[in-house]
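Asks: next one to model:
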Amino acid sequence: MTVRKAERLLNLIAFLLETDRLITPQQIQDTVPGYAEQSWEAFKRMFERDKEALREVGIPLEVAPVALLGEPEEGYRIPKDRYYLPELDLAAEELASLWLAAGLVRLQDPTAARTALLKLAGELPPEVERARLSWLSADLGLAVPGLPRAFEAVAERRTISFEYRGRSGAQTRTLDPYGLVHRKGTWYLVGRDHDRGENRSFRLDRVSGELRFRNKGGPGADFDAPEGFRPQEALEVPPFVGRPEAPLKAPDKEPEAPLKAPDKEKGSPAVDALVRFDASTAWWIERTHPWLRLTWGSDGDASARVPVSDNAGFVSWLLSLGEGVELVEPEALRGEVLARLEEICDGVPPEPEPEPELGAEHG
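Replies: Predicted coordinates for the structure are as follows:
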């Protein structure tokens, strides 16, 4: 009966793993099923191939000289301390993170990855219950058909075009994808919109059909993302912040008409505001407003420049921050902030005067 290679290798591993001494080739041929029916020369060739197969998959095969009755020869064994994994001793936070990561693995059996994780984890930390882990999940939005293609476009910096269902109906858009952002179960593709000439974000679940690469591929990328660009900012920046225009490229020939300055309606910033935050507020601003590029002072204070395209929205945001915030410039926008404060104060009814105390009656 012929023993298949996979079965023969498993038998070899089990034999060399369970022994505490070095095993000679002759003992291996006599003991491991699959070798005994081979001639000595055929066995040696087969054994050499099997040793190489074990080494390729990372199994530590120890080789050392052993002397029995005759001349010393090579002996083999697999040391248990190098073959078996040590205890992982996972903390509760590490186990929870791996549990969520296992949800990304798409297998025919959706529980296979997490079952393997529990086997690797061994005894769970005292603060983690096995039943509680089954409730730990995240909406990763993996069912979006265009996600693999979008990831490929971002990783390889490939310009893409696609049909997009926006508020004004379906349109063909061309994009240099700078990054992918996941937010509350939805994937957003962020990059330079060729049709609008500015950075935009697109929901992948509103893309109709496939994402198409503009070029068929080849050496080099189609574009370079701006230095320091953070895709998540495209979703976090409030609407009153203007979109800075991209630098204009020099044309190949003289244009027929002079280039005009961009209109405000197309998203260019109206004013450049300088806002200062004192030390009691700057730390909170850093955590809650990641889209702001803060410049830190020596006393823990910070400042940031904001390109404002909607003055009223900016003033409302600034006043909502409370104390510890100052608009340094421009002066015209400072005037709007003061005017808004006066409106608020005028709209607050005055406190009622206290009623006079009634004096005691005298007889």
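Asks: for the protein, what spans make up the helices?
Replies: Taking DSSP state H as the criterion, the chain carries its helices at 5-17, 25-31, 40-56, 80-83, 92-102, 112-121, 130-133, 147-156, 233-236, 279-288, 311-320, 331-347.
Asks: and these: which comes nearest residue 189?
Replies: helix 147-156 (5.4 Å; CB to CB). Yep, even glycine has a C-beta here, placed from its N, CA and C like the rest.
Asks: packing partners for that closest one?
Replies: Applying 3 or more CB pairs under 8 Å, 6 or more residues apart in numbering; DSSP states H and E, one finds that helix 147-156 contacts strand 160-166, strand 169-183, strand 186-193, strand 207-213.
Asks: so which of those comes closest to residue 238?
Replies: strand 169-183 (15.1 Å).
Asks: picking that back up, out of the helices and strands packed on helix 147-156, which is the most enclosed?
Replies: Of the helices and strands packed on helix 147-156, the one with the most neighbours on average (mean count of other CB atoms under 10 Å) is strand 186-193, at a mean of 21.
Asks: please convert the helices of the chain to CSV, extending it with distance to residue 179 and mean neighbour count.
Replies: Output for the helices of the chain, formatted as CSV (distance: least, CB to CB, whole Å; neighbours: other CB atoms under 10 Å):
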stretch, distance to residue 179, mean neighbour count
helix 5-17, 43, 16
helix 25-31, 55, 15
helix 40-56, 37, 13
helix 80-83, 42, 10
helix 92-102, 20, 15
helix 112-121, 26, 15
helix 130-133, 31, 11
helix 147-156, 6, 17
helix 233-236, 8, 17
helix 279-288, 21, 14
helix 311-320, 25, 16
helix 331-347, 32, 12
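Asks: weakest of those by average pLDDT?
Replies: Least confident of the helices of the chain, judged by mean pLDDT, is helix 130-133 with a mean of 52.
Asks: mind listing what the closest residue in space to residue 223 that isn't next to it in sequence touches?
Replies: Excluding the flanking residues, the one nearest residue 223 by CB to CB, 6 or more residues apart in numbering is residue 176, at 4.3 Å. Taking CB atoms under 8 Å, 6 or more residues apart in numbering as the criterion, residue 176 is in contact with 157, 159, 191, 192, 194, 222, 223, 225.
Asks: list the residues that contact the first one.
Replies: It refers to residue 157. By CB under 8 Å, 6+ apart, residue 157 lies in contact with 176, 177, 221, 222, 223, 224, 225.
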